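Trainee: model the structure of this input:
(2 chains)
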Amino acid sequence: MNAMTHTTNAYNFGFLDEYAKKEVRRAVLKAIAIPGYQVPYASREMPMGRGFGTGGLQLTLSLIGPNEVVKVIDQGSDDSVNAVNLRQFIEMTCPGVSTTTKTAECTLVQSRHRIPELALTASQIIVLQVPYPDPLVVVEPSEDKRKTMHGEADYSRLLVKLYEDIVKFDEITISHRYPTRINGHYVIDPSPIPRWDVPKLNDSAALVLFGAGREKKIYAVPPHTRAEPLAFSDVPFRVEDFRDAAGRRRACARCGCTDSFLDEFVADSGSKTWQCSDSDWCDEQLLRTEHPQGELA
Amino acid sequence: MMKAESIWQADVQQRVFRELVEAFSRPGDIRDLSACVDGASAQRTVLATLMDGEMTLADPHGQIAEADWPLLQAKPGATESARYVVANGHRAPDFQPPLGSLESPEFGSTILIEVDSVGHGALSLDLAGPGVDGRRALRLTGLHPDWLTRRADWVGGFPLGVDLLLSDATRIVALARTTRIRISGEAF
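Mentor: Next comes the predicted model:
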């Protein structure tokens, strides 16, 4: 880091040059105007590997201003490697911005694989990092054909795939990246968020932006827009079930919360414990209950 | 050295872009650019934010000053093919903008229309659709009635369509191709 400081001024605010930002910005506006449509854009080389959140990062850097309060999360945690690295990069290239781990305080969230438990507001924007933007890729290898299928809202082959799941396993086996229909037309890959987070896309107060850097696509779910996970009338969409063998809802081992998305941890002894995936949510629950038994991170 | 107008500066353009994001995310929601325009019109401010040498821009009504073209860098294009069109709301739309294709609906143009007032006036629109929580009312002055009938034709076949950004001196409001519009007040 120290070696970098004397050269930071050589970079434009937000690392990207203004032409790159303008291109991303025009794509963002079209993505919002055509909900769920994957707008192609010229994804720039970033000083990190494709697949490390470069799509989300380019969105963040094109949106960000000096008064921004940014939160970066990876699998719900502010402290995992991907989140820490991206946050440091944003701090280094965007002088003046502040960063936070608190969902309630931020104006912009960049996230990998989770939408925060705390409902986002109209004054916030969430940017999701997307590895595979096209839900049709599992049934159609040709992008040209997929674009036509999307345009015609022809998702029959995707529904057949879901039906085959039901025939074989009695339920739809997609655990994350659940195909979701936006405003009754385009079906999107909502990025690898768990099923738990999919209902948050529907009628959201906040704008949701998706950036796929390697696949060079940007798409959006505008606020107050219908987002319906694909399902059948007799096999409804279900979120993850955290009940134990006795049918009781498992609680977070740290804060005791019984209505959040839980991660499973296996101890050396082989015993399993469950904890909130959203670390800020977990901290807030701990503070609220004022039980000092857990170690505050 | 000539002092550049602030609308050409990167930090101002970032703020204008965020207002555009809000406007398109919430059709009918009026955004105020007073802090950014620096004496320019809102339409000109938005152009400065979005244009560069990659873009084609049509100006059928002569909205853009000759001296601005080199600064915008956009390639002048025909209204039938340009990605962006600037227009004067007083004049009837006498052109056919590109609507995009089924495979690439983003080629449907963005039309920037300058009107007398965004937020006040006899023309009252009732809006619904993505970005609108329930319904939202929008009042306008200085929009030729043909715009709304032509737009209804242009956006009839989603995902094809055009996206409109209306502006007065300092305010902007967006009508995306998904926005459903009903004329509710006495028109004009």
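Trainee: would you mind measuring from residue B:104 to chain A?
Mentor: According to CB to the nearest CB, to the nearest Å, residue B:104 and chain A sit 7 Å apart. To be clear about C-beta, it is placed using only N, CA and C from the backbone, and glycine gets the same treatment.
Trainee: need the pLDDT of the closest residue to that residue other than its chain neighbours.
Mentor: Nearest residue to residue B:104 in three dimensions, chain neighbours excluded: residue A:147, at 7.3 Å (CB to CB, 6 or more residues apart in numbering or on different chains). Looking at residue A:147, its pLDDT stands at 97.
Trainee: secondary structure element for residue A:147?
Mentor: helix A:143-151 (DSSP states H and E).
Trainee: tell me which residues touch the residue nearest the centre of chain A, please.
Mentor: The centre of chain A sits closest to residue A:128, judged by CA atoms, centre = their mean, with a distance of 3.5 Å. Contact analysis of residue A:128 by CB atoms under 8 Å, 6 or more residues apart in numbering or on different chains lists A:56, A:111-112, A:115, A:190-191, A:193, A:208-211.
Trainee: for it, helix, strand, or coil?
Mentor: Classification of residue A:128 using DSSP: H, G, I helix; E, B strand; the rest coil returns strand.
Trainee: from chain B, how far out is the residue nearest to it when sequence neighbours are not counted?
Mentor: Closest residue to residue A:128 apart from its sequence neighbours, by CB to CB, 6+ apart: residue A:191 at 4.4 Å. Residue A:191 sits at a distance of 19 Å from chain B (criterion: CB to the nearest CB).
Trainee: burial count for residue A:191?
Mentor: 25 (other CB atoms under 10 Å in any protein chain shown).
Trainee: for the chain, which segments count as strands?
Mentor: Looking at chain A here, since you left the chain open. Along chain A, counting by DSSP state E, strands occupy A:39-40, A:69-74, A:98-99, A:108-112, A:125-129, A:180-182, A:186-188, A:207-212, A:217-221, A:227-229, A:262-266, A:272-276.
Trainee: please refer instead to chain B.
Mentor: Listed in chain order, the strands of chain B (DSSP E) span B:31-32, B:56-58, B:75-76, B:84-88, B:110-114, B:117-128, B:136-141, B:163-167, B:171-175, B:180-183.
Trainee: take those and lay them out in TSV including mean neighbour count, distance to chain A and mean pLDDT.
Mentor: Shown next, in TSV, are those (neighbours: other CB atoms under 10 Å in any protein chain shown; distance: least, CB to the nearest CB, whole Å; pLDDT from 0 to 100):
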stretch	mean neighbour count	distance to chain A	mean pLDDT
strand B:31-32	18	13	98
strand B:56-58	21	12	98
strand B:75-76	13	14	97
strand B:84-88	23	9	98
strand B:110-114	25	7	98
strand B:117-128	18	10	96
strand B:136-141	18	10	97
strand B:163-167	26	4	98
strand B:171-175	25	8	98
strand B:180-183	15	11	96
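Trainee: select, out of those strands, the one closest to residue A:97.
Mentor: Nearest of those to residue A:97, taken as CB to CB: strand B:31-32 at 22.0 Å.
Trainee: ok, residue B:22 touching residue B:29?
Mentor: Yes. Counting by CB atoms under 8 Å, residue B:22 touches residue B:29, with 6.7 Å between them.
Trainee: who touches residue B:63 in this structure?
Mentor: By CB under 8 Å, 6+ apart, residue B:63 lies in contact with B:43, B:86-88, B:114.
Trainee: of those, closest to residue B:154?
Mentor: For the contacts of residue B:63, the nearest to residue B:154 is residue B:87 (13.1 Å; CB to CB).
Trainee: the closest one and residue B:109, how far apart?
Mentor: Going from residue B:87 to residue B:109 by CB to CB, to the nearest Å gives 11 Å.
Trainee: give me the nearest residue to the residue in the stretch 51-200 of chain A that chain B sits nearest to, chain neighbours excluded.
Mentor: Nearest to chain B, among the residues of the stretch 51-200 of chain A, is residue A:151, at 3.3 Å (CB to the nearest CB). Leaving aside its sequence neighbours, residue A:151 sits nearest to residue B:102 (CB to CB, 6+ apart; 3.3 Å).
Trainee: wait, the one you found sits on residue B:108?
Mentor: No. With contact defined as CB under 8 Å, residue B:102 and residue B:108 do not form a contacting pair (11.0 Å).
Trainee: quick one: the helix holding residue A:147 to chain centroid distance?
Mentor: Helix A:143-151 sits 24 Å away from the centroid of its parent chain (CA atoms, centre = their mean, to the nearest Å).
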